[in-house]
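A.B. asks: coordinates for the following, if possible.
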Amino acid sequence: MSNKQETLEQAAENYIQSKNPQWTPYHRQSFTDGAKWQAAKMYSEEEAYDLLVRYSKECCGAPWFEVDEVWFNINKK
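C.D. replies: Got it, this is the predicted structure:
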């Protein structure tokens, strides 16, 4: 896998070619629509970090400090 980022349209085309090259433009549009929907449901890195900070404050009574930010950065994808 290359480090170069694919556009959504390139990813759709590559997926379709690997599965069924006979798919129509409707299938391509469905693929991109599904990917956009999924992306909208995902948390950003900042949102995920903010949720962890809020959880630690509310449930553990201790805020996250620098060591926890290091942990977060090591363990994120």
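
A.B. asks: in this protein, which segments are predicted with low confidence?
C.D. replies: 1-4, 61-67, 77 (pLDDT under 70).

A.B. asks: following the longest helix along it, which helix or strand comes up?
C.D. replies: As assigned by DSSP state H, the longest helix anywhere in the chain is helix 25-41. Per DSSP states H and E, helix 25-41 leads on to helix 45-59 as the next helix or strand towards the C-terminus.

A.B. asks: downstream neighbour of that next one in the secondary structure list?
C.D. replies: As assigned by DSSP H and E, the chain's next helix or strand after helix 45-59 is helix 66-75.

A.B. asks: roughly how far does Gly34 sit from Tyr15?
C.D. replies: Using CB to CB, to the nearest Å, Gly34 is found at 11 Å from Tyr15. For glycine as for every other residue, the C-beta is placed from the backbone atoms N, C-alpha and C.

A.B. asks: and Pro25, by the same measure?
C.D. replies: According to CB to CB, Pro25 stands 14 Å off from Tyr15.

A.B. asks: these two - which one has more neighbours?
C.D. replies: Comparing Pro25 with Tyr15 by other CB atoms under 10 Å, the one with more neighbours is Tyr15, at 16 against 7.

A.B. asks: now that one: closest residue in space that isn't a chain neighbour?
C.D. replies: The shortest distance from Tyr15 to any non-neighbouring residue, by CB to CB, 6 or more residues apart in numbering, is to Phe31 (6.4 Å).

A.B. asks: give me the domain ranges for this structure.
C.D. replies: 8-41, 45-75 (automatic domain parsing).

A.B. asks: buried stuff in the first one?
C.D. replies: Neighbour-count burial for domain 8-41 flags Ala12, Glu13, Tyr15, Ile16, Trp23, Phe31 (criterion: 16 or more other CB atoms under 10 Å).
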